[in-house]
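Student: starting from these lines, generate the structure:
(chains A and B)
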There are 2 protein chains.
Amino acid sequence: MTILLYDLVGHDAARPFSPHCWKAAMALAHKGLDISTVPTRFLEVPTIEGGASKTVPVIRDGETVVADSFAIAVYLDEAYPERPTLFGGDGGKAMARFIERWSQLTIHPYVTTAALMDLYGMQDEANSVYFRQSREARLGKRLEDVTAARDAGLGGFRTSLEPLRSTLAYQPFIGGPSPLFADYIVFGALQWARIASPYRLLDDGDVVAQWFERCLDLNGGLGRKVSAAA
Amino acid sequence: MTILLYDLVGHDAARPFSPHCWKAAMALAHKGLDISTVPTRFLEVPTIEGGASKTVPVIRDGETVVADSFAIAVYLDEAYPERPTLFGGDGGKAMARFIERWSQLTIHPYVTTAALMDLYGMQDEANSVYFRQSREARLGKRLEDVTAARDAGLGGFRTSLEPLRSTLAYQPFIGGPSPLFADYIVFGALQWARIASPYRLLDDGDVVAQWFERCLDLNGGLGRKVSAAA
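Tutor: Numbers count the residues shown, from 1 in each chain, chains lettered A, B, ... in the order given. Sure thing, here's the model as predicted:
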């Protein structure tokens, strides 16, 4: 049975950009499950599945609706235990939460800084009004002023990735010899930047950039099916 | 059979202080293994087990000698699979490495700053000469100048713990409902500070401090058997 994935898009329905939706899309592909995506814009999110969630991703699998990327990964591992694991055991499930929190607190703020104007430019007219109002209220400044800080923040951002960089000296993936959901968590954050903005977050020689390229190759090259922003 | 743990001490053999030795001691206790500790000073480390390692911890389990806290944990889980797991599966083993790198890059530099003069004061005469020379060469400044920066760095240090703090909003331990080696990794860093220095790294109301207190209770209160520095 095909699983529905409500996937966040802007004016171009073929360029899903949400980091959290990418986590879910990679998790579904990792499990080898057939999916059908429902391109969804910000203002449509509250109408999904009768208002099941204020955020995407949301999936429908038969009669089951699940919101939140981490909850979706947990659901998929429980519902499809015979397919490749997303966590590699209970310890991996617990520690993936730490990696989620690290990614959210370390990578997301800088991607917001670097790509905010580009993300704004991806929205259609009605959604761009919503995007500017909601983000400016949350961040307490104009979108233009947020992105103006990106050059000054780039060095610090790259340094902040050192725990990941150091881990990749021991093993090819956060999950070990092969990827797990923890990889998709961090991948989602950098894929969000890749699709939204031509701004270069990583140096090509960085092992983090090399790991990201390996992630783009995973699951039949799913991540490359949407081109980098030009 | 009793496992030997070569454990780093200063002039007081009853106050082991090394973060890495504490990781190993907690891992051994978690597995319920009988141990005998060999108090070892910095200058004695190269003589352990015929020069097996440049660093402690080192363990001897029968004919097997293992150095490095992470390698010791991996060894113990493989040698004693019927005893409580330290990793909770292969995913947890891989992600514990990320947590080790995060702890080493986030917590260790600040504990060094905060506790360096106290650590110096714990050494006997010969080892205090070694400690000053080796640390000043590594850090490129006088011990006194390193520790002078601790007040200025405290706020930033506390903020840098946010990924751990946020994880603890989801679960009582990094390992999930119960502790795993990942908890002992971070515990070791904070226990190093606790034993060496009266300087207060954490506010009592901080959930990280509360998690650390839970860790002190683990394994029969092993961590409390050495009192906090006064």
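
Student: contacts and neighbour counts: CA atoms only from here.
Tutor: Fine.

Student: pretty sure A:His11 sits against A:Asp124.
Tutor: Yes: using Cα atoms under 8 Å, A:His11 makes contact with A:Asp124 at a distance of 4.6 Å.

Student: show me where chain A has helices.
Tutor: Using DSSP state H, the helices of chain A run over A:19-30, A:69-79, A:90-121, A:125-139, A:143-147, A:150-160, A:162-167, A:181-196, A:207-221.

Student: how about the first one: buried residues?
Tutor: For helix A:19-30, a neighbour-count test (16 or more other Cα atoms under 10 Å in any protein chain shown) marks A:Pro19, A:His20, A:Cys21, A:Trp22, A:Lys23, A:Ala24, A:Ala25, A:Met26, A:Ala27, A:Leu28, A:His30 as buried.

Student: cool, the longest one as well?
Tutor: Neighbour-count burial for helix A:90-121, counted by 16+ other Cα under 10 Å, picks out A:90-104, A:106-108, A:110-121.

Student: check whether that helix comes near chain B.
Tutor: Yes: counting by Cα under 8 Å from any Cα of the partner chain, chain B has neighbours in helix A:90-121: A:90-99, A:101-102, A:105.

Student: wait, what's in contact with A:Leu43?
Tutor: Applying Cα atoms under 8 Å, 6 or more residues apart in numbering or on different chains, one finds that A:Leu43 lies in contact with A:Asn127, A:Tyr130.

Student: if we can go back for a sec, how about the buried residues of helix A:19-30 in TSV, adding pLDDT and distance to A:Leu201?
Tutor: Listed next are the buried residues of helix A:19-30 as TSV, based on pLDDT from 0 to 100; distance: Cα to Cα, whole Å:
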residue	pLDDT	distance to A:Leu201
A:Pro19	98	15
A:His20	98	19
A:Cys21	98	20
A:Trp22	98	18
A:Lys23	98	19
A:Ala24	98	23
A:Ala25	98	23
A:Met26	98	21
A:Ala27	98	24
A:Leu28	98	27
A:His30	98	26
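
Student: now flag whichever of the residues you listed is closest to A:Val129.
Tutor: Proximity of the buried residues of helix A:19-30 to A:Val129 (Cα to Cα) peaks at A:Pro19, which lies at 21.0 Å.

Student: my guess is that closest one contacts A:Trp192. True?
Tutor: Yes: between A:Pro19 and A:Trp192 there is a contact under Cα under 8 Å: 5.0 Å.

Student: show me what contacts A:Gln210?
Tutor: The contact partners of A:Gln210, by Cα under 8 Å, 6+ apart, come to A:Asp204.

Student: and A:Cys215, by the same measure?
Tutor: By Cα under 8 Å, 6+ apart, A:Cys215 lies in contact with A:Asp183, A:Tyr184, A:Phe187, A:Gly223.

Student: between the residues you listed, which has the most around it?
Tutor: A:Tyr184 (27 neighbours; other Cα atoms under 10 Å in any protein chain shown).

Student: skip the chain neighbours and tell me the closest residue to that one.
Tutor: A:Lys23 (5.2 Å; Cα to Cα, 6 or more residues apart in numbering or on different chains).

Student: let me see the contact set for A:Thr85.
Tutor: A:Thr85 makes contact with A:Lys31, A:Asp77, A:Leu180, according to Cα under 8 Å, 6+ apart.

Student: picking that back up, turn the residues of helix A:90-121 next to chain B into a markdown table, including pLDDT.
Tutor: Listed next are the residues of helix A:90-121 next to chain B as a markdown table, based on pLDDT from 0 to 100:
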| residue | pLDDT |
| --- | --- |
| A:Asp90 | 98 |
| A:Gly91 | 98 |
| A:Gly92 | 98 |
| A:Lys93 | 98 |
| A:Ala94 | 98 |
| A:Met95 | 98 |
| A:Ala96 | 98 |
| A:Arg97 | 98 |
| A:Phe98 | 98 |
| A:Ile99 | 98 |
| A:Arg101 | 98 |
| A:Trp102 | 98 |
| A:Leu105 | 98 |
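
Student: what's the farthest-apart pair in these?
Tutor: Spanning the widest gap among the residues of helix A:90-121 next to chain B are A:Asp90 and A:Leu105, at 23.3 Å by Cα to Cα.

Student: still on that earlier bit, ok, so of the contacts of A:Thr85, who is nearest chain B?
Tutor: Nearest to chain B among the contacts of A:Thr85: A:Leu180, at 7.6 Å, using Cα to the nearest Cα.

Student: what is the neighbour count of the closest residue to the closest one other than its chain neighbours?
Tutor: Once flanking residues are discounted, A:Leu180 sits nearest to A:Leu86: 5.0 Å by Cα to Cα, 6+ apart. Using other Cα under 10 Å, A:Leu86 has 26 neighbouring residues.

Student: do A:Thr159 as well
Tutor: The local packing of A:Thr159 (other Cα under 10 Å) involves 10 other residues.

Student: kindly report the same for A:Ala149.
Tutor: 13.

Student: about what we covered before: distance to A:Ala229 added to the residues of helix A:90-121 next to chain B, as CSV?
Tutor: Shown next, in CSV, are those (distance: Cα to Cα, whole Å):
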residue, distance to A:Ala229
A:Asp90, 37
A:Gly91, 36
A:Gly92, 33
A:Lys93, 33
A:Ala94, 34
A:Met95, 32
A:Ala96, 29
A:Arg97, 29
A:Phe98, 30
A:Ile99, 26
A:Arg101, 26
A:Trp102, 25
A:Leu105, 24
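
Student: thinking again about what came up before, let's have the helices of chain A in JSON lines, adding distance to B:Arg142.
Tutor: Putting the helices of chain A into JSON lines (distance: least, Cα to Cα, whole Å) gives the following:
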{"stretch": "helix A:19-30", "distance to B:Arg142": "45"}
{"stretch": "helix A:69-79", "distance to B:Arg142": "47"}
{"stretch": "helix A:90-121", "distance to B:Arg142": "32"}
{"stretch": "helix A:125-139", "distance to B:Arg142": "42"}
{"stretch": "helix A:143-147", "distance to B:Arg142": "40"}
{"stretch": "helix A:150-160", "distance to B:Arg142": "25"}
{"stretch": "helix A:162-167", "distance to B:Arg142": "26"}
{"stretch": "helix A:181-196", "distance to B:Arg142": "39"}
{"stretch": "helix A:207-221", "distance to B:Arg142": "34"}
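
Student: okay, now the unreliable bits of chain A?
Tutor: For chain A, applying pLDDT under 70 flags no range at all.

Student: around chain B, pick out the residues from it.
Tutor: For chain A, the residues in contact with chain B (Cα under 8 Å from any Cα) are A:87-99, A:101-102, A:105, A:162-164, A:166-167, A:171, A:174-176, A:180.

Student: with adjacent residues omitted, what lies nearest to A:Thr147?
Tutor: Spatial nearest neighbour of A:Thr147, excluding adjacent residues (Cα to Cα, 6+ apart): A:Thr113 at 4.9 Å.
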